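1. kindly return the folded structure for what I paste below:
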Amino acid sequence: MDDTLFSPRRDIVFKMLFGSERSTDILTAFLKAILPLPGDEYAEVTILNPISLSDFPDDKTCILDVKVRTAKGRIIDVEIQVANEADLRERIVYYLAKM
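-> Numbering: from 1, shown residues only. Presented below is the predicted three-dimensional model:
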């Protein structure tokens, strides 16, 4: 991992860059660059609460890096993954189910 204090690979820096109301223009530009969605989808991008509380006592609470709603109501999860995690696929499916 990059040891630079302000590396966007650090969780707190990533969330400041892409998950802050002050930086929706950066988030919007990033989403436009990587997602093949119609341009009007980005007319309004709203950052949502990334925490999904569990429905049952034994369930896990789900905390996304950045949760976004587009102008047409599409919900997008923006995650950064710096380590090769064996359970990444399962975690992505779980996040999608919780969203």
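2. any chance of the backbone angles for Arg22?
-> Here is the backbone geometry of Arg22 (degrees, to the nearest 10): phi -70, psi -10.
3. and the pLDDT at it?
-> Looking at Arg22, its pLDDT reads 93.
4. please report how far the residue of the chain most remote from its centre lies from Glu21.
-> The C-alpha centroid of the chain is most remote from Pro57, which lies 25.1 Å away (CA atoms, centre = their mean). Distance of Pro57 to Glu21, given as CB to CB, to the nearest Å: 33 Å. All C-beta spots, glycine's among them, are computed from the backbone N, C-alpha and C.
5. shaky segments in the chain?
-> Scanning the chain for pLDDT under 70 picks out the ranges 1-3.
6. helices of that one, start to end?
-> 11-18, 24-34, 88-98 (DSSP state H).
7. what's stretch 42-54 in contact with?
-> The list of residues contacting stretch 42-54 from outside it, by CB atoms under 8 Å, 6 or more residues apart in numbering, reads 19-21, 24, 27-28, 31-32, 60-71, 75, 98-99.
8. next: stretch 88-99.
-> Ser52, Lys60, Cys62, Leu64, Lys67, Ile75, Asp77, Glu79, Gln81, Glu85.
9. quick check: bridge partners of the fifth one?
-> Yep, that's Lys67 we're talking about. Leu48, Asp77 (DSSP bridges).
10. so what's it up against?
-> Contacts of Lys67 by CB under 8 Å, 6+ apart are Ile47, Leu48, Asn49, Pro50, Ile75, Ile76, Asp77, Val78, Met99.
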